[in-house]
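[1] Build me a model from this:
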Amino acid sequence: MVAEPRRGELPGNGRGRSIQHERSRGESSPCHDASVSQTRRNLIGVAIVVISACLLAAIAYVAVSANTRTDAWSYSRLLDQALQGRVKAFVIDGDVGTATAPDGHQYTVQLPANSSALAATLSGDGVDVSFSDPQGSTTLQRLLPYLIALPLMGVLLFLVIRHFHRQNNQPLTFTRSQAKLIVAGSPHVTFVDVAGADEAKQELAEIVEFLKDPARFAELGARIPKGVLLAGPPGTGKTLLSKAVAGEAGVPFFSASGSAFVELFVGVGAGRVRDLFDQAKKNSPCIVFVDEIDAVGRRRRVGFGGAHDEREQTLNQLLVEMDGFGTNTHVIVIAATNRPDVLDPALLRPGRFDRHVNLDLPDVRSRREILEVHARNKPLEAVVDLDVLARQTVGFSGADLANLINEAAIMAARASRKVIGMEELEEAIARIVAGPERKSRRISDKEREIIAYHEVGHALVMKALPLCDPVHKVSIVSRGMALGWTLTLPGNDRYLTSKEELKQQIAGIMGGRAAEEIVFGDVTSGAENDIQRATQMARRMVMRWGMGERVGIVLIGHSDEVDIPGSRTCSDEMSARIDQEVGAIVERAYRLALSVLSDSRESLDSIAEHLLEAETIRSEEFDALVSEANSAASERPAAG
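    Numbers count the residues shown, from 1 in each chain. Modelled structure (predicted):
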């Protein structure tokens, strides 16, 4: 496996030099009023649930009591049944009696005012006659469910009325904005805390000046941009830069995510957008920051759902709110995205997002500054050279560099060391690029030999071809999903890649499979990732960069196109030509790798044997082994 400097980028293609990093981060606690209000609402909800359960229990009790009532007899029928011996017992309860038949069935009988004569008559007929408790007990028993239910209903009604009264005609809670408010004066970030990004800070300096002194602009009739779009790869500090703008201006800062506006229920997202801008206007001058705005700001009528889906309604409301600002509202919207190409054109037009600020991956100078920021207050060995680390981390984003320092500190603490050394820092680079070591993975001796030849094949082809990146490290220690890996690092930042350079890079990628075929006469499945990367690179050459001989100088598809089943961007004939061209490029590169390794067979054997013993070879040692093998090969014919 050939480890890339940064996943998702072509080897050696570091891009840009703008990065932002925080020297001292400040977090703001949630507002106490919101917490208390939420707690009160939760308690009211619990009370409503409990009271409702009690009411349901009382209603169920009354219903069960009604359903358990016995059948009725007339007074004359009671006397007739008693005379025939069909009444076993009789209970007198005021003016109501209950007769029990021999089979256990009960019947109610309405009695006259004086029931003493009835008792004597029934007793003479052999009926067991008894008297119940006073009438007041029965009345209380009948009224008890109502005595419980009525107060509970009153309390429930009171809580509901009080709850809606406190709402004071505000929208329902699920349509309220979920944005977090960071008030001015709390721990904040300023431009001093941002490393690099000089051009981005200059673009945003006018925003800061407007928020600090809006009257100066209003006197001249100037209109400050209403929106600023920060676009760039993940980890380049878009959120940090927006915090720095708010910190420099000393104004409240509303932070929200684009996905927080999109819900299942239609109209909820639009309601949250309205509520967010209402709060922002009440706290103006302020900044509204929307992270990952592409979640809600994608082009309309592109996906399924037509023009009436929830996301589209939310986007429409956002467009209205941004274009509906007055010149004196002093509310500025800053949005961040990794995909500016998918945003709706109406969102990007002047009057909404007037200014676009592009943030790219840092160059070597910016990486040096970022490493210095994150290494502050951390004990480093005297031999640690941040310049060397900056050159070894081409293609790393600011987040990657922060993670690099943190991983090195964790490894030093795990080893009970008091300082962070260069060994931990270089190991952290390898962890970020290829993953953690997996020394516990058991590999047979035969497979270790195949892996060693595979990785040395990569390294020798890249060493022999002048346009390939220099080999930094070769290892057969498993990392992540890779059984072995070869790390190449470009000598400097590059922004353009030539056709011949791409061909040689593909040859280097295919060097591992070529070594397996030369040495063992067979190939394994270990080159799956290599074949995938080589094919992707060749396909880009043909479809995007116009480097195909048979296809021509055309762009097929879109640069950020997502593969959709059934989608077609070209004809069947063109698709067949593309496949043939891609296959030819990879095949020619593979033949080149076979030629290079066939001429360096002795170097391949000797270095692979050394790698099996050492498991890891660094660049200096690798160069020495190659020189030694070449010298031995050149002296052998002379000696013969």
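[2] CA atoms for contacts and neighbours, from now on please.
    Will do.
[3] which other residues reach the helix or strand hosting residue 423?
    Using DSSP states H and E, residue 423 sits in helix 422-434. Residues outside helix 422-434 that contact it (Cα atoms under 8 Å, 6 or more residues apart in numbering): 3-7, 381, 383-385, 389, 393, 400, 404-405, 407-409, 411-412, 436-437, 479-480, 482, 485.
[4] which residues in the stretch 501-640 of the chain form strands?
    Counting by DSSP state E, counting those that start in this stretch, one finds strands in the stretch 501-640 of the chain at the ranges 616-618.
[5] With the stretch 301-450 of the chain instead?
    Counting by DSSP E, counting those that start in this stretch, the strands of the stretch 301-450 of the chain are 331-337, 355-358.
[6] now those strands as TSV including mean pLDDT, distance to residue 471 and mean neighbour count?
    Shown next, in TSV, are the strands of the stretch 301-450 of the chain (pLDDT from 0 to 100; distance: least, Cα to Cα, whole Å; neighbours: other Cα atoms under 10 Å):
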stretch	mean pLDDT	distance to residue 471	mean neighbour count
strand 331-337	87	35	24
strand 355-358	86	32	18
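[7] okay if I get those as JSON lines plus distance to residue 223?
    Below are these laid out as JSON lines (distance: least, Cα to Cα, whole Å):
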{"stretch": "strand 331-337", "distance to residue 223": "12"}
{"stretch": "strand 355-358", "distance to residue 223": "13"}
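[8] Which of those sits closest to residue 202?
    Closest approach to residue 202 among the strands of the stretch 301-450 of the chain (Cα to Cα): strand 355-358, 10.1 Å.
[9] Any idea how far that closest one is from the middle of the chain?
    24 Å (Cα atoms, centre = their mean, to the nearest Å).
[10] returning to what we had before: pull out the buried residues from the helix holding residue 423.
    Residues 422, 424-425, 427-434 are the ones in helix 422-434 that count as buried (16 or more other Cα atoms under 10 Å).
[11] Now that helix: average pLDDT?
    In this model, helix 422-434 has an average pLDDT of 87.
[12] distance between that helix and the chain's centre?
    Per Cα atoms, centre = their mean, the centroid offset for helix 422-434 relative to its chain is 25 Å.
[13] And for stretch 97-115?
    74 Å.
[14] how about that stretch: buried residues?
    Those would be 97-101, 106-111, 115, for stretch 97-115 by 16+ other Cα under 10 Å.
[15] distance between the ends of that stretch?
    Start-to-end span of stretch 97-115 (Cα to Cα, to the nearest Å) is 10 Å.
[16] Also stretch 88-99?
    Termini of stretch 88-99 sit 8 Å apart (Cα to Cα).
[17] who touches it?
    78, 87, 100-102, 106-113, 126-135.
[18] quick one, phi psi at the spatially closest residue to residue 531 that is not a sequence neighbour?
    Among residues not flanking residue 531 along the chain, residue 510 sits closest, at 7.1 Å (Cα to Cα, 6 or more residues apart in numbering). Note on residue 510: its backbone torsions stand at phi -80, psi 0 [degrees, to the nearest 10].
[19] Share the number of residues neighbouring residue 510, please.
    Using other Cα atoms under 10 Å, residue 510 is surrounded by 30 other residues.
[20] Report the contact partners of residue 543.
    Contacts of residue 543 (Cα under 8 Å, 6+ apart): 554-557, 578.
[21] how about a cut-off of 7 Å?
    555-556 (Cα atoms under 7 Å, 6 or more residues apart in numbering).
[22] what do you get for the one 4 residues further on?
    Each residue near residue 547 by Cα under 7 Å, 6+ apart is listed here: 499, 541, 553.
[23] In the beta-sheet assignment, what are the partners of residue 485?
    residue 475 (DSSP bridges).
[24] Test my guess that it contacts residue 473.
    No: using Cα atoms under 7 Å, residue 485 makes no contact with residue 473, being 8.3 Å away.
[25] Relative to the centre of this protein, pull out the residue lying furthest away.
    residue 124 (88.1 Å; Cα atoms, centre = their mean).
[26] if I look at it, how far off is residue 79?
    For residue 124, the distance to residue 79 - Cα to Cα - is 11 Å.
[27] Which stretches in the stretch 251-400 of the chain count as helices?
    268-282, 310-323, 345-348, 364-375, 386-392, 398-414 (DSSP state H, counting those that start in this stretch).
[28] Which one of those helices lies nearest to residue 495?
    Per Cα to Cα, nearest to residue 495 of the helices of the stretch 251-400 of the chain: helix 364-375, 13.0 Å.
[29] tell me which residues of that closest one are tucked away?
    In helix 364-375, counting by 16+ other Cα under 10 Å, buried: 364, 366-375.
[30] now stretch 383-394
    Those buried within stretch 383-394 under the rule 16+ other Cα under 10 Å are 386, 389-394.
[31] which residue ranges form the helices in the stretch 501-640 of the chain?
    511-520, 528-543, 572-599, 601-614, 619-639.
[32] Please tabulate those in JSON lines and include distance to residue 339 and mean pLDDT as additional columns.
    Shown next, in JSON lines, are these (distance: least, Cα to Cα, whole Å; pLDDT from 0 to 100):
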{"stretch": "helix 511-520", "distance to residue 339": "35", "mean pLDDT": "94"}
{"stretch": "helix 528-543", "distance to residue 339": "19", "mean pLDDT": "93"}
{"stretch": "helix 572-599", "distance to residue 339": "27", "mean pLDDT": "92"}
{"stretch": "helix 601-614", "distance to residue 339": "43", "mean pLDDT": "91"}
{"stretch": "helix 619-639", "distance to residue 339": "37", "mean pLDDT": "78"}
